[in-house]
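1. how does the following fold in three dimensions:
(4 chains)
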Number of protein chains: 2
Amino acid sequence: MENKKQPKYQALTTWLRQEIASGTWHEGDVLPSEAELCARANASRGTVRHALAQLRSEGLIAGGQGKPPFVAQQVQSQSFTTFMSFTDWARSIGLEAGQDTRELAQRRPDAFVSEQLELDEDAKVVQLLRLRLLDGSPAMLERTSFPQEVGRLLFDFDTDSGSIFAYLREQGVDLYRGKHTIDAVAADEVDAQLLGVPVGAPLLREQRVTASKSGQKLEFSDDRYLPHLANFTIENTSEQRASLSRVRSIAG
Amino acid sequence: MENKKQPKYQALTTWLRQEIASGTWHEGDVLPSEAELCARANASRGTVRHALAQLRSEGLIAGGQGKPPFVAQQVQSQSFTTFMSFTDWARSIGLEAGQDTRELAQRRPDAFVSEQLELDEDAKVVQLLRLRLLDGSPAMLERTSFPQEVGRLLFDFDTDSGSIFAYLREQGVDLYRGKHTIDAVAADEVDAQLLGVPVGAPLLREQRVTASKSGQKLEFSDDRYLPHLANFTIENTSEQRASLSRVRSIAG
DNA sequence: CAGTGGTCTAGACCACTGG
DNA sequence: CAGTGGTCTAGACCACTGA
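-> Numbering: from 1, shown residues only, chains lettered A, B, ... in the order given. Predicted structure coming up:
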């Protein structure tokens, strides 16, 4: 038998997700009815509905009363991983992510960072200043702060080798939820020098706090993008809440 | 009896939402156990769990196995209307929206606007240039273009009186879905003069295409915010997709 | 240990869709 | 009309939490 840890409804969603991804059912195609899925999966209707509800919430399927569910038009929407990881994002748009670490230090944070991470006054953090590249060209500058329990893992990691997000997850760090604030900011001297723009040039800033499932703050980051290289898009309707994705800017 | 159209689980979510909003339970407080909610609502556990799942997906409550659910930190999340309408948004944060219409004109659009609205080459649009205020101070500059069928309604409307979004909906215009692109841009001369910042100052830009349920494009807008007055926030988790809101910036 | 939420079942009735 | 999904029930077993 397989890993019996995974609940049945999740096995079902995984199976359906794969079938859709692999093209067994295409956009607009009708899925098997709930009753038929029950039979195929040898599950009760509640379990099947639990699985379908999950796919519904991901926007993969749609459908209404009296009609079988169908494969929805693929919404421009990114998985948690793609949205949280610059490396994953770059790959998803067909570019290669690069990184140039300028500083990795342990120090006492300023009040703002300390507040974001909900740290004691005397707690130290590990701070990383890293230039991110797309196909070799500067695209974003990240200033990331980690509490010591998390940050110490970075001293055993080559921060020029790739995704810290992926590395920390491999190390068992429970990066579960992200809160992102997006605004615009003028480039300061450091931004200007590393990103190759004049001081005062507009940058697109994303400030992010990442926390564990239990709410413990694990990371704070201030990421500044060249606005002609990246932006954020959101779609919403009067029936659904917004879903978000970060996409490559159209030239201009 | 009441409207019996509303299902029981939804009545439950509504009730719980109100109790939380009205402060019966505060942030971090523990909610009644599922068993107790069953008793109080005279409902089965499945129904109660359906209601709780809804609140969970909205981020209102959290909690894990073996522990009762608790009220989570309030997620900033906005309805479609609040996100689409500056006027509604201002009200939701306790400020008064104002507007100063600088121009309302009918003309042939440039290629970019024409493409966004999916218009024929020779079609004209109604364009609006309007400064938006928060408590009397300039906060955002909007450049909005409407296809003629929609735009002509504006000539019967006082664009200095309030929400165009609300007005158009009253007129039966089916503003159903929005696609928003967020980036940063340097203030041009018009921006600079009306918003009271130097030319080249960073502005937070939201470009938005609004469409009907059937996909017809009804509006394109380029809105430029003073970045210290507004920003966008998004939350996501590894289980749920992102939800978005535009929030008032903390002073800085 | 008792109490909690997580999962699952089997069956029921209703509202809606399509032929 | 038959078939579909939407709602609801009653009961069961498990995994986890905290006293």
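
2. who in the stretch 51-200 of chain A is up against DNA strand D?
-> By CB under 7 Å from any atom of the strand, the residues of the stretch 51-200 of chain A that approach DNA strand D are A:63, A:64, A:65, A:66, A:67, A:68, A:69. (C-beta placed from N, C-alpha, C; glycine too.)

3. swap the cut-off to 6 Å and go again
-> Counting by CB under 6 Å from any atom of the strand, the residues of the stretch 51-200 of chain A close to DNA strand D are A:63, A:65, A:66, A:68, A:69.

4. list the buried ones in stretch A:101-109?
-> By neighbour count on 16 or more other CB atoms under 10 Å in any protein chain shown, the buried set for stretch A:101-109 is A:104, A:109.

5. export that stretch as CSV, just CAs?
-> In CSV, the C-alpha atoms belonging to stretch A:101-109 read as follows (Å, rounded to 0.1, in the frame of the first residue of the first chain):
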residue,chain,number,x,y,z
THR,A,101,24.3,38.1,-2.6
ARG,A,102,25.7,41.4,-1.4
GLU,A,103,25.4,40.8,2.3
LEU,A,104,24.5,38.2,4.9
ALA,A,105,24.7,39.5,8.4
GLN,A,106,23.5,39.0,11.9
ARG,A,107,22.4,42.1,13.7
ARG,A,108,19.9,43.8,15.8
PRO,A,109,17.0,44.9,13.5
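
6. what sits up against it?
-> Contact with stretch A:101-109 is made by A:117, A:119, A:122-131, A:145, A:148, A:151, A:154-155, A:159-160, A:194, as judged by CB atoms under 8 Å, 6 or more residues apart in numbering or on different chains.

7. tabulate the residues of the stretch 51-200 of chain A next to DNA strand D (TSV), appending pLDDT, distance to DNA strand C and secondary structure.
-> Below are these laid out as TSV (pLDDT from 0 to 100; distance: CB to the nearest atom of the strand, whole Å; DSSP: H, G, I helix; E, B strand; the rest coil):
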residue	pLDDT	distance to DNA strand C	secondary structure
A:63	76	10	coil
A:65	81	4	coil
A:66	82	3	coil
A:68	86	10	coil
A:69	87	13	coil
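
8. which one of the residues you listed is nearest residue A:50?
-> Of all these, residue A:50 sits closest to residue A:69, with 13.7 Å by CB to CB.

9. report how many residues lie close to that closest one.
-> 20 (other CB atoms under 10 Å in any protein chain shown).

10. which residue comes closest to it once chain neighbours are left out?
-> Spatially, and ignoring its direct neighbours in sequence, residue A:69 is nearest to residue A:63 (3.5 Å; CB to CB, 6 or more residues apart in numbering or on different chains).

11. before we move on, what about residue A:35?
-> Residue A:35's closest residue in space is residue A:45 (CB to CB, 6+ apart), at 7.5 Å.

12. got the contact list for residue A:130?
-> A:99, A:100, A:101, A:102, A:141, A:142, A:144, A:159.

13. hmm, try it at 6 Å
-> Applying CB atoms under 6 Å, 6 or more residues apart in numbering or on different chains to residue A:130 gives the contacts A:99, A:101, A:142.

14. so what sits opposite it in the bridge?
-> residue A:101, residue A:142 (DSSP bridges).

15. which other residues reach stretch A:191-209?
-> Contact with stretch A:191-209 is made by A:116, A:131, A:138, A:141, A:178-187, A:189, A:220-227, B:183-186, B:202, as judged by CB under 6 Å, 6+ apart.

16. separation between the residue of the stretch 101-250 of chain A found nearest DNA strand D and residue A:109?
-> Nearest residue of the stretch 101-250 of chain A to DNA strand D (CB to the nearest atom of the strand) works out as residue A:214 at 8.9 Å. Distance, residue A:214 to residue A:109, by CB to CB, to the nearest Å: 22 Å.

17. same check, this time on residue A:135
-> Distance from residue A:135 to residue A:109, by CB to CB: 33 Å.

18. where exactly do the helices run in the stretch 51-200 of chain A?
-> A:80-84, A:86-92, A:111-116, A:148-151, A:164-170, A:189-195 (DSSP state H, counting those that start in this stretch).

19. export those to CSV and tack on mean pLDDT and mean neighbour count?
-> Below are these laid out as CSV (pLDDT from 0 to 100; neighbours: other CB atoms under 10 Å in any protein chain shown):
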stretch, mean pLDDT, mean neighbour count
helix A:80-84, 77, 21
helix A:86-92, 87, 20
helix A:111-116, 94, 15
helix A:148-151, 92, 17
helix A:164-170, 90, 18
helix A:189-195, 98, 16
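
20. do you know which of the ones you listed lies nearest DNA strand C?
-> Judging the helices of the stretch 51-200 of chain A by CB to the nearest atom of the strand, what sits closest to DNA strand C is helix A:80-84, at 17.7 Å.

21. show me what that closest one is packed against.
-> helix A:86-92 (3 or more CB pairs under 6 Å, 6 or more residues apart in numbering or on different chains; DSSP states H and E).

22. send over the helix it packs on as PDB, restricted to the C-alpha atoms.
-> C-alpha atoms of helix A:86-92 as PDB (Å, rounded to 0.1, in the frame of the first residue of the first chain):
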ATOM      1  CA  PHE A  86      11.200  34.400  -7.400                       C
ATOM      2  CA  THR A  87      13.000  31.400  -8.800                       C
ATOM      3  CA  ASP A  88       9.800  29.500  -9.400                       C
ATOM      4  CA  TRP A  89       8.200  32.600 -10.900                       C
ATOM      5  CA  ALA A  90      11.100  33.100 -13.300                       C
ATOM      6  CA  ARG A  91      10.900  29.600 -14.400                       C
ATOM      7  CA  SER A  92       7.100  29.800 -15.000                       C
END
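
23. any part of it near chain B?
-> No - Helix A:86-92 does not reach chain B (CB under 6 Å from any CB of the partner chain); its nearest approach is 12.8 Å.

24. mind giving me the ChimeraX command for buried ones among the contacts of stretch A:191-209?
-> A single ChimeraX command selects the buried members of the contacts of stretch A:191-209 (16+ other CB under 10 Å):
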select /A:116,131,138,141,178,179,180,181,182,183,184,185,186,187,220,221,222,223,224,225,226,227 /B:183,184,185,186,202
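
25. inside strands: which ones of the contacts of stretch A:191-209?
-> Taking DSSP state E, the ones among the contacts of stretch A:191-209 that sit in strands are A:131, A:138, A:141, A:178-186, A:220-225, B:183-186, B:202.

26. dihedrals phi and psi, residue A:204?
-> Note on residue A:204: backbone dihedrals following degrees, to the nearest 10 are phi -90, psi 120.

27. any idea how far it is from residue A:184?
-> Taking CB to CB, one finds residue A:204 at 6 Å from residue A:184.

28. about what we covered before: how near is the residue nearest to residue A:69 to residue A:45?
-> 16 Å.

29. please pick the buried ones from the contacts of stretch A:101-109.
-> Neighbour-count burial (16+ other CB under 10 Å) applied to the contacts of stretch A:101-109 gives A:117, A:119, A:124-131, A:145, A:151, A:154, A:159, A:194.

30. report the closest residue of the stretch 1-150 of chain A relative to chain B.
-> Residue of the stretch 1-150 of chain A nearest chain B, by CB to the nearest CB: residue A:80 (4.4 Å).

31. quickly list what residue A:223 is bridged to.
-> Residues in beta-bridge contact with residue A:223 (DSSP bridges): residue A:142, residue A:206.

32. got the contact list for it?
-> If you count contacts by CB under 6 Å, 6+ apart, residue A:223 has them with A:140, A:142, A:206.
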